[in-house]
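# give the three-dimensional model of this entry:
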Amino acid sequence: MERPVAAVSEIFSLNTRLLLNCIVGVSDTHAAERVLPGTNSVAFIVAHVVDARYFVAKLLGRPIYNPLEVVLGDVQRMEDVTHLPTLFELRNMWLTVGKHLPDCLESASADLLAAPSPQAFPVGDGSLLGGIAFLAQHESYHIGQLALLRKALGYPPMSYEHSVPGEG
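Numbers count the residues shown, from 1 in each chain. Presented below is the predicted three-dimensional model:
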């Protein structure tokens, strides 16, 4: 019987590739731009999603060092950030946590996944698995934003293909 976390793991796996495909070739200058007033930049969204992945590992009881913790802390808005890493640095963080996350998900026991989530999420399933499923959807939402911003900045559309060298 397949574990209930398998579908969520597949979404995270797909998103690992899609985020890389969203940022391939994007300059740091473009990544810092706000395409429309009141929107977030590519760099801010990438940092936010990378930070959220480190949070998933922590929720699963397998935290690793999160270099964005000092940058983002409890930041809620882009205006509160004074400096963001380069896209290359963010990409490397994404790859690091992306290699760690499958092990976190695979090693999570059924009891851990069924336990109440230590944080409330806006979903009906209050278990840790429900919270992690929400975070996978949250990540997908932001990847959609990145794909749109990529096009708005004049880059080719995001690809679903395995087209990014060194993605791991």
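
# quick one: contacts for Pro122?
By CB atoms under 8 Å, 6 or more residues apart in numbering, Pro122 lies in contact with Phe134. Every C-beta, even on glycine, is put in place using the N, C-alpha and C of the backbone.

# helix, strand or coil for it?
Under DSSP: H, G, I helix; E, B strand; the rest coil, Pro122 falls in the coil class.

# offset the numbering so it begins at 368, please.
Sure, I'll start counting at 368 from here, so that last one is Pro489.

# for it, give its distance to Ser376.
22 Å (CB to CB, to the nearest Å).

# on the three-state scheme, the residue nearest the centre of the chain is what?
Against the mean C-alpha coordinate of the chain, by CA atoms, centre = their mean, the closest residue is Val416 at 3.1 Å. When classified by three-state DSSP, Val416 comes out as helix.

# pLDDT score assigned to the spatially closest residue to it that is not a sequence neighbour?
Nearest non-adjacent residue to Val416, counting by CB to CB, 6 or more residues apart in numbering: His509, 5.0 Å away. His509 carries a pLDDT value of 98.

# what separation is there between His509 and Ile378?
In terms of CB to CB, His509 sits 13 Å off from Ile378.

# what sits up against stretch 437-452?
Contacts of stretch 437-452 (CB under 8 Å, 6+ apart): 399, 401, 407-408, 410-411, 414-415, 418, 434-435, 457, 460.

# please disregard the earlier target; I meant stretch 394-409.
Outside stretch 394-409, the residues that reach it (CB under 8 Å, 6+ apart) are 389-390, 393, 410, 413, 415, 445, 451, 453-454, 512-513, 516-517, 519-520, 522.
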